[in-house]
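>>> Using only what follows, build the 3D model:
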Amino acid sequence: IMWLGQHKLEIPGGAQKTYIGECSGKCTQNILLQPVTVAASTSHMHLIGKATKISHTVEATNVTTDILSQDVYDYDSPTWTFHDPPVVITPGDSLSINCTYDASSRNF
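Next up is the predicted model:
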């Protein structure tokens, strides 16, 4: 299991905001001792989460692929994306996650 994204978010009431988290090529070189095989991906954003996307950029080719894309996120119905073939992340590759939250109905 690999955590990618923010650990603490402050989303003001009445606002919609997209947060971007990244593990750069330098980051994966520091944390991965060898290639990692990803068989499935999911996201977790709580009740005001609205959309999410995880992208993988292969260092050797500079090609970016979305490995998870949820235009409509539903906290009550979490989904998994199963990768066939699995995604291989090698040290030097980069990962990014975009999470969109909508707190427009909240007043705090």
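
>>> just the strands in the chain please.
When assigned using DSSP state E, the strands of the chain occupy the ranges 16-23, 36-41, 49-58, 63-70, 81-89, 94-102.

>>> Tell me which of those lies nearest to Asn30.
Each of the strands of the chain has some distance to Asn30 by C-beta to C-beta; the shortest is strand 16-23, at 9.3 Å. Every C-beta, even on glycine, is put in place using the N, C-alpha and C of the backbone.

>>> which residues does the spatially most central residue of the chain contact?
With distances taken as C-alpha atoms, centre = their mean, Ile97 lies nearest the centre of the chain, 3.2 Å away. Neighbour list for Ile97: 4-5, 20-22, 43, 52-55 [criterion: C-beta atoms under 8 Å, 6 or more residues apart in numbering].

>>> Over to Ala60?
Ala60 sits in contact with 90, 92, where contact means C-beta under 8 Å, 6+ apart.

>>> Against Ala39, how distant is it?
Using C-beta to C-beta, to the nearest Å, one obtains 21 Å as the distance from Ala60 to Ala39.

>>> so where's this protein uncertain?
1-8, 108 (pLDDT under 70).

>>> Recalculate using a threshold of 80.
Applying pLDDT under 80 to the chain picks out residues 1-12, 106-108.

>>> circling back to that earlier point, ok, of the contacts of Ile97, which one's closest to Gly92?
Of the contacts of Ile97, the one sitting nearest to Gly92 (C-beta to C-beta) turns out to be Glu22, at 14.0 Å.
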